[in-house]
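# From the sequence below, what's the structure:
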Amino acid sequence: MSTANEQKLMQVLLAPIISEKSTLVGEKHNQYVFRVLDRATKPEIKAAVELMFSKKDSQIEVTGVSVVNVHGKHKRFGRQMGRRVNWKKAYVTLKAGQDINFQATE
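Numbering: from 1, shown residues only. Take a look at the predicted model:
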């Protein structure tokens, strides 16, 4: 994989979503939820997760990616009506028996 492609993939995942719903989904279906770039595709998300969370001794294998476009809520700001930004959420399914550790090691 080229360095330019790796740098692009490193920017696809913006943040993990840690909530009660995402924790229940993770325990039940071995899935993790991430906030991703609006223009990210499923193959890019899969490659980014495998690149970022694989270690020298263990490789992470993604079996599926589901994407949800979340529409921003309409909100009132004083007398003005406004809207929050739309964003994209990805549900990443891992191979059975694998997990992602978000704790910083080393």
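# Residue 39: what secondary structure?
Following DSSP: H, G, I helix; E, B strand; the rest coil, we place residue 39 in the coil state.
# Distance check, it against residue 66.
From residue 39 across to residue 66, the span is 17 Å (CB to CB, to the nearest Å). For the C-beta atoms, the positions are set from N, CA and C on the backbone; glycine is no exception.
# all helices for this structure, in order.
3-10, 20-29, 42-53 (DSSP state H).
# Residue 90: how many residues sit nearby?
Neighbours of residue 90 under the rule other CB atoms under 10 Å: 26.
# Please apply the same query to residue 54.
Applying other CB under 10 Å, we find 13 residues neighbouring residue 54.
# my read: it touches residue 47, true?
No - using CB atoms under 8 Å, residue 54 is not in contact with residue 47; the gap is 10.8 Å.
# Where in the chain is the helix or strand with the lowest mean pLDDT?
In the chain, no helix or strand scores lower on mean pLDDT, DSSP states H and E than helix 3-10, which sits at a mean of 87.
# Kindly spell out which helices and strands sit in contact with that helix.
Judged by 3 or more CB pairs under 8 Å, 6 or more residues apart in numbering; DSSP states H and E, the packing partners of helix 3-10 are helix 42-53.
# So which of residue 39 and residue 66 has more stuff around it?
Using other CB under 10 Å as the criterion, residue 39 and residue 66 rank with residue 66 on top: 13 against 8.
# got a list of what the more buried one touches?
Taking CB atoms under 8 Å, 6 or more residues apart in numbering, we find residue 66 in contact with 90-91, 93.
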